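# Could you look at this predicted model? Sequence included:
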Amino acid sequence: MELPRLGYVSYINCLPVFCAMQEGLVKVPARLCSHHPSRLNSMFREGLLDVTAISSIEYTRQPENCLVLPDLSIASDGPVRSVAMVSRVPVELLAGRTVSLTPHSATSVMLLKLLLHKFYNIKVDFFTRPPAASVWWDQPDAALVIGDEALQEINQAGGGLHVYDLGAEWKRWTGRPMVFALWVTTRDFAQKYPEQLTAIWRGMLTAKKWGLKNPEKLVARAKSATELSEEVLTDYFKCLQHDLSWHHIDSLMYFYHCAAECGLVKPAVALHIWGKENDRFYRVQSA
Ligand SMILES: C=C(O[C@@H]1C=C(C(=O)O)C=C[C@H]1O)C(=O)O
C-alpha cells in the first residue's frame, strides 16, 4: 500500500501538533499534506485524504463517512485569537449591513451566523469573498477572518476596528469551550488499516506532547512564518487547545444542537469516535 495521506491546516494553529513532525523528531507512517480548512473538507469528501483535520461542522455534512480520532482537536476555552469578526461599527449596529466571510472556513462561518442570529438577534447581509481577495475586498462593514490572516489582521489593525473573538463570544454566551476542528478518518480506512491508523494517531499524540514541552520552539517557528511578535505568539499558543475531552465533546454536541435549532445543519447528529487500539467505536448522540 502507498503511504496514507495525513492532512493538517496550513496555519500556525497546527504547529503544536505538527511541528515535531516537520522537524523530523517524530515520524509517522504517512505523507503530510496541508491546506486551508475548506480545502481539507472537500479533499476528505473526495477520498483524497485518509486521516485529516476537518472543520468540526463538516462532520455533520458527511457523518456516515467520518470516524473521529480521540484526544485531538483545534479548540479554545475562551479567546482563540485567530477566529474573529472585525467590524467598522459595534456589532449592535451591524443590522442590515454587509459582512464578508472568508472562503476558507466552515465552522467559523456557522459559528458567526449562529451568534448573530441566536444571541445578538440581528440580520446582516453575508457574502463570501473570493479566495485570493484581501479581507476588506468590496468594502464590507465587517469581515470574518480565521487562522494566520486573522492574527495578522487583528495585530496589525489600526485603532477604530471592533474585534469580536468568536471563541470568547461562544464562551460568553454559553460558558463552554469551542471545538473548531476535529481529526477524522474514514470507516473504510479504520477497518482496513487499523495498525497504520494506530501508528499515525500515536505519532500525532507524541508530537503534541513534544509541542507542549517546547513552547519556545513553536514560537520560533511561528515567528518566521508570520513575523508576529513573540509576545503575541506565546499568548496565542496558550489560548489554543488540541485535546478532545468529554467536556469538549459535550460542547461540540451543544454547538451542533444550536446550529440545528437555527436551521443551519441537520438535527440530531451522532458523533462516532474511533476506539483507539481496536476498530470498535463510541457513539455520542446530540439532543
Ligand atoms: C482556530 C482556528 O480554527 C479553525 C477553523 C476552522 C473553520 O472555521 O472551519 C477549521 C479549522 C481551524 O483552522 C483557526 O483557523 O485559527
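Received it, and whenever you're ready, just let me know what you need. From a predicted model like this one, the values you see are computed outputs, not experimental measurements. Numbering: from 1, shown residues only.

# So what touches stretch 157-176?
Here stretch 157-176 makes contact (CB atoms under 8 Å, 6 or more residues apart in numbering) with 76-81, 83-91, 108, 111-112, 115, 119, 154, 177-178, 180, 239, 247, 250-251, 254-255, 258. (Each C-beta comes from the backbone N, C-alpha and C, glycine too.)

# near the ligand too, which of those?
Near the ligand, taking CB under 6 Å from any ligand atom as the test, the members of these found are 80, 83, 108, 180.

# how about the last one, secondary structure?
Here residue 180 takes the strand state, with states given by DSSP: H, G, I helix; E, B strand; the rest coil.

# count of residues packed around it?
32 (other CB atoms under 10 Å).

# before we move on, what about the first one?
The tally of other residues near residue 80 (other CB under 10 Å) stands at 28.

# Could I get the phi/psi values of it?
Main-chain torsions, residue 80, degrees, to the nearest 10: phi -110, psi -20.

# show me the contacts for it.
With CB under 8 Å, 6+ apart, residue 80 has these contacts: 165, 166, 167, 168, 178, 180, 239, 240.

# and if we set it to 10 Å?
13, 74, 108, 146, 150, 165-171, 177-178, 180, 236, 239-241 (CB atoms under 10 Å, 6 or more residues apart in numbering).

# confidence score at it?
Residue-level confidence at residue 80 comes out at 98, pLDDT.

# I'd like the numbering to begin with 7 instead of 1 from here.
That works, and once the first residue is 7, the last one we named lands at residue 86.

# Number of residues surrounding residue 204?
For residue 204, the neighbour count with other CB under 10 Å is 16.

# start to end distance for stretch 258-277?
Stretch 258-277 has an end-to-end distance of 10 Å (CA to CA, to the nearest Å).

# hang on, I meant stretch 58-69
Across stretch 58-69, the terminal residues are separated by 14 Å (CA to CA).

# Enumerate the residues of the protein near the ligand.
Residues of the chain lying near the ligand (CB under 6 Å from any ligand atom): 15, 17, 19, 43, 61, 80, 86, 88-89, 111-114, 152-153, 186-187.

# Take the residues you listed and keep only those in helices.
43, 113, 114, 153 (DSSP state H).

# So for the first one, what's the pLDDT?
Translated: residue 43. Checking the pLDDT column for residue 43, the value is 98.

# again with residue 283
Reading off the model, residue 283 has pLDDT 49.

# Could you do residue 59 as well?
98.

# quick revisit: just the contacts of residue 86: which are in strands?
80, 152, 171, 184, 186, 246, 247 (DSSP state E).

# Could I get the contacting residues of the fifth one?
Each residue near residue 186 by CB under 10 Å, 6+ apart is listed here: 15, 19, 43, 59, 61-63, 79-82, 86, 88-89, 111-114, 117, 152, 172-173, 176, 246-247, 258, 261.
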